[in-house]
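Q: pasting the sequence and the predicted model now:
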Number of protein chains: 2
Amino acid sequence: MSTGAPSESLFAPTCDHPAAEDPAVEALVRAIIGQVADKWTLLILEELAERGTMRFTEIGRAVGDISQKMLTKTLRDMERMGLVSRTVHPVVPPHVDYALTDLGTSLGAAFCGVWLWAAENRERIEAARATFEAREKR
Amino acid sequence: MSTGAPSESLFAPTCDHPAAEDPAVEALVRAIIGQVADKWTLLILEELAERGTMRFTEIGRAVGDISQKMLTKTLRDMERMGLVSRTVHPVVPPHVDYALTDLGTSLGAAFCGVWLWAAENRERIEAARATFEAREKR
DNA sequence: CGGTATCCTCCTCGATACTG
DNA sequence: CAGTATCGAGGAGGATACCG
């Protein structure tokens, strides 16, 4: 922000290799991150974290430009991992509520550092990109 | 610097919506995360964070099962974003060194929270998956 | 309303071959 | 050693139509 030193003490200072000790664990962790770091997952996570319980189409509208297929798929995957809970109210017309579990909420908190990093360093990245493009042409 | 960042210092523990205030910023941040949360990017980031300066084939060997194409592409993308620096030593045979920039190092630190989350909650996720599969069958 | 099923289109990614 | 160029398979993801 005002001074340098962006976000050093948000979490553990260095975090050299959290799960790198066990290659099997690392592979699993990597797989988890791969699924969790999905565009739609992140967006849905955000919306649910902000608004609490939401209905299917409500999430679709909030996220904006997501197809029904991707919305269903992403919600299922999140449910499968235990990030969201799905509650069906047996009425007509159907009514299905989605909400973050504790696990989902904690994931949102974990991603906070990355969000802040991206927000803080957005201009730096754009500048780097411009520099790279310029150097590329020469 | 930042266009109208009113120093929102009320980013308390939970980090509800870091950049959600400005949709344009959020879109850019999302794009950044999308690129940064790539499987190979994460792995290369890890290796470079642990070992420091490395050469092209050295990174390839360390990461393990990455094709030359993906290694080149990912390193270029990371360089483009200013995450790594690329130094060519004009000798025969060619010698190219890669190292994390300050930005790259800070990204590694930011991702620390997610790594820890994934490592800590690995078993919980696997349990949730098992539960989901079981419920699916009924 | 909240899905599932089908088709179709990019676009990523790997394998292979070649080069300075 | 450190790439670039080309091809081809496969999966991600959108559009559309239909169902409980």
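A: Yes, it's here. Numbers count the residues shown, from 1 in each chain, chains lettered A, B, ... in the order given.
Q: which helix or strand in chain A has the lowest average pLDDT?
A: Lowest by mean pLDDT, DSSP states H and E among the helices and strands of chain A is helix A:23-36, with a mean of 78.
Q: touching chain B at all, that one?
A: Yes. Helix A:23-36 lies within reach of chain B by C-beta under 8 Å from any C-beta of the partner chain, at A:25, A:28-30, A:32-34, A:36. In this view, the C-beta of every residue, glycine as well, is placed from N, C-alpha and C.
Q: can you pick the most crowded of those residues?
A: A:Val29 (24 neighbours; other C-beta atoms under 10 Å in any protein chain shown).
Q: shaky segments in chain A?
A: A:1-21, A:23, A:137-138 (pLDDT under 70).
Q: pull the longest helix from it.
A: Of all segments of type helix in chain A, defined using DSSP state H, the longest is helix A:102-120.
Q: next SSE downstream of that one?
A: Note on helix A:102-120: by DSSP states H and E, the next helix or strand toward the C-terminus is helix A:122-137.
Q: now the most centrally placed residue in chain A: closest residue in space that isn't a chain neighbour?
A: Centroid-nearest residue in chain A: A:Leu42, 2.8 Å away (criterion: C-alpha atoms, centre = their mean). Spatially, and ignoring its direct neighbours in sequence, A:Leu42 is nearest to B:Ile33 (6.5 Å; C-beta to C-beta, 6 or more residues apart in numbering or on different chains).
Q: so the one you found sits against A:Leu116, correct?
A: No. Applying C-beta atoms under 8 Å, one finds B:Ile33 not in contact with A:Leu116, separated by 11.3 Å.
Q: rewinding a little: hmm, who's touching the least confident helix or strand of chain A?
A: In this structure, residues lying in contact with helix A:23-36 by C-beta atoms under 8 Å, 6 or more residues apart in numbering or on different chains are A:18-20, A:41, A:77, A:81, A:83, A:107, B:37, B:39, B:42-43, B:114-115, B:118-119, B:122, B:125.
Q: and those residues, which of them are buried?
A: A:18-19, A:41, A:77, A:81, A:83, A:107, B:37, B:39, B:42-43, B:114-115, B:118-119, B:122, B:125 (16 or more other C-beta atoms under 10 Å in any protein chain shown).
Q: what's near enough to touch the nearest residue to A:His89 once chain neighbours are set aside?
A: The shortest distance from A:His89 to any non-neighbouring residue, by C-beta to C-beta, 6+ apart, is to A:His95 (4.1 Å). The neighbours of A:His95, taking C-beta under 8 Å, 6+ apart as the test, are A:55, A:88-89.
Q: likewise for A:Thr53?
A: Counted by C-beta under 8 Å, 6+ apart, A:Thr53 has contacts A:97-99.
Q: neighbour-wise, which of those residues leads?
A: Highest count within those by other C-beta under 10 Å belongs to A:Tyr98, 22 neighbours.
Q: quick one, what contacts that residue?
A: A:48, A:53-56, A:59, A:75, A:84-87.
Q: what parts of chain A come near DNA strand D?
A: Within chain A, the positions near DNA strand D by C-beta under 7 Å from any atom of the strand are A:38-39, A:65-70, A:93-94.
Q: at 10 Å what do you get?
A: Within chain A, the residues that sit near DNA strand D (C-beta under 10 Å from any atom of the strand) are A:34-35, A:38-41, A:65-74, A:77, A:92-94, A:96, A:136.
Q: if we check DNA strand C, which of those residues are in contact?
A: Among the residues of chain A next to DNA strand D, DNA strand C is touched by A:34, A:67-73, A:92-94, A:96 when using C-beta under 10 Å from any atom of the strand.
Q: how much space between the closest residue to A:Asp38 other than its chain neighbours and A:Thr131?
A: Leaving aside its sequence neighbours, A:Asp38 sits nearest to A:Thr74 (C-beta to C-beta, 6+ apart; 7.0 Å). Between A:Thr74 and A:Thr131 the computed distance is 35 Å (C-beta to C-beta, to the nearest Å).
Q: what of A:Lys73?
A: 38 Å.
Q: how about A:Pro94?
A: Taking C-beta to C-beta, one finds A:Pro94 at 53 Å from A:Thr131.
Q: count of residues packed around A:Leu116?
A: Neighbours of A:Leu116 (other C-beta under 10 Å): 20.
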